[in-house]
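*Asks:* Generate coordinates for the sequence data below:
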Amino acid sequence: MVQRSGQWSFWGTLVAALLVRQGLAQADEPFDIVFSVGGLDGQPAESSFTMRVEPEWAPLGAARVRELVEEHFFDECRFFRVIDGFMAQFGLNGDPAVTKIWREKKIADDPRRNDVSNTRGLVSFASAGPGTRTSQLFINFGDNHNLDSMGFTPLGRITSGMDVVDRIYKVGEGKPQGPGPSQGDIQLKGNSYLLEEFPKISFIRSARISEQSNEPAAALIGKAGGVEVVECKTTEGTILIEVHPEWSPLGAARFLDLVRDKYLDGSAFFRAVENWLVQFGLSPNAELRAKWQATPPLKDDPLRPDIPIKRGTMAFAGSGPDSRTTQIWMAFEPSDTLGTMPWETPFAQVIGDSSLSALGHINTEYGEQVNQASIWNEGYDYLQRDFPRLSYIKTCQVQASSTDHPKVAFLRRGEKNQAAHPKSATFNGANGEF
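*Replies:* All right, here's what the predicted structure looks like:
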């Protein structure tokens, strides 16, 4: 909606005045926070992730986060509301007395920005209504852009370790709508309640400000954990893919080029061997096949023995050194033999339980029966005639929006929650925040 210039002048004046009053002269400088976390996957596993805070996006929110970290507020905080495919929420201190103090320290809302959205990996404050932000944050697992118009302005993004965030224990929606912890009980009893009732819950061991990064915020918009996110809709369901240029720079760039050229749209999973791998990358479009066949093969990226081949790990198929073109495989299961050839350096990972479920439903009945030469000679008529039940990619898009992510209804203070299912979940107006 178009805003009158006077309205924006008001917001600009208000924010500037608040910044001056709170002594935030350096509020425009980005900074990184390293979160050391434990209890991943509901097990005693530990790792870390990094959040880049961008004061340019949300100056008041960024200042509050810095304040909380400097006070060590997040140490031993639990991820008390974690909904698969939606978000992970935290920010209630383990000591009820500390939570009570910060609950009264509300900050004004930051203006909405049209160039930043609640997409995968972005972080926003939870709230119970306008002007009620205190200490609770949430990390988006998926595309939740519907939250943008509800006052949830992102203040930062996960720049490394999004795979760690994905491993945060999915305790679910909070009580009474779901099986997870009650925010009211956390505020009254703190971590003693959580440790007794929810022993598998993931937690923050420490959160500390690291060296500032000079990477422009614009360079990170649309990325999650420094990676590109690709959404492939298939006949078996939607598959979300994190592409990691730091693993395999040339391979990652080639895959993204194929996606943007729509080369993979409509392509078949023509080689699917149960408990091993599925292969694809021969387009149904003869012109695109010819175009990319004429493109020189890639040089091999250095091998990465430090990156294990897990379920959903992706790499290029090849026939020898420096032979990568368009064909790609995804691992059905962990493997010690895949990823050992010079042309098999992993470049991406399928993410999320629903994506891995879709991967697992790809049809494997034909195994290795498909003749690739026949695809080149006869096109997809050959596949449709002789292998009618193959699984297919419908479309692949970089940073595509998913309609499968939960929709959120905003509750005003004092209203009751609506339902337990994530698709109608709310950020608790009466019992807590978002």
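*Asks:* Go ahead and flag the most central residue of the protein.
*Replies:* For the chain, R120 is the residue whose C-alpha lies nearest the centre (CA atoms, centre = their mean; 3.7 Å).
*Asks:* wait, isn't that one in contact with D143?
*Replies:* Yes: using CB atoms under 8 Å, R120 is in contact with D143, at 6.4 Å. Every residue, glycine included, has its C-beta placed from N, CA and C.
*Asks:* Averaged pLDDT, stretch 192-204. What do you get?
*Replies:* Averaging pLDDT along stretch 192-204 yields 95.
*Asks:* can you give me the strands for the stretch 201-350 of the chain?
*Replies:* With strands called from DSSP state E, counting those that start in this stretch, the stretch 201-350 of the chain shows them at 203-209, 223-224, 227-234, 237-243, 271-273, 277-280, 313-316, 328-331, 348-351.
*Asks:* For the residue nearest to the centre of the chain, give me its contacts.
*Replies:* When contacts are counted by CB atoms under 8 Å, 6 or more residues apart in numbering, R120 touches 140-143, 162, 224, 229, 240.
*Asks:* Identify the farthest-apart pair in those residues.
*Replies:* Using CB to CB, the two most remote members of the contacts of R120 are D143 and M162, lying 14.0 Å apart.
*Asks:* These two: which is more packed in?
*Replies:* A direct count of neighbours by other CB atoms under 10 Å for D143 and M162 places M162 higher, at 25 against 22.
*Asks:* For this protein, give me the ranges with low pLDDT.
*Replies:* Low-confidence segments of the chain, defined by pLDDT under 70: 1-27, 211-226, 399-434.
*Asks:* which outside residues touch stretch 305-323?
*Replies:* By CB under 8 Å, 6+ apart, the residues outside stretch 305-323 that reach it are 241, 247-248, 251, 254-255, 279, 281, 297-300, 324-325, 327-336, 338-339, 341-351, 355-356, 359.
*Asks:* Now which of the residues you listed would you call buried?
*Replies:* Taking 16 or more other CB atoms under 10 Å as the criterion, what is buried in those is 241, 247-248, 251, 254-255, 279, 281, 297-298, 300, 324-325, 327-332, 335, 338-339, 341-351, 355-356, 359.
*Asks:* Quick check, Y366 in contact with F387.
*Replies:* Yes: contact criterion CB under 8 Å: Y366 and F387 qualify, at 5.2 Å.
*Asks:* quick one: N144 and S124, what's the gap?
*Replies:* Between N144 and S124 the distance, using CB to CB, to the nearest Å, works out to 9 Å.
*Asks:* for Y366, that is, sorry about that
*Replies:* Distance of Y366 to S124, given as CB to CB: 45 Å.
*Asks:* re the thing from before, higher neighbour count, Y366 and F387?
*Replies:* Neighbours of Y366 and F387, each counted by other CB under 10 Å, are more numerous for Y366; the result is 19 against 15.
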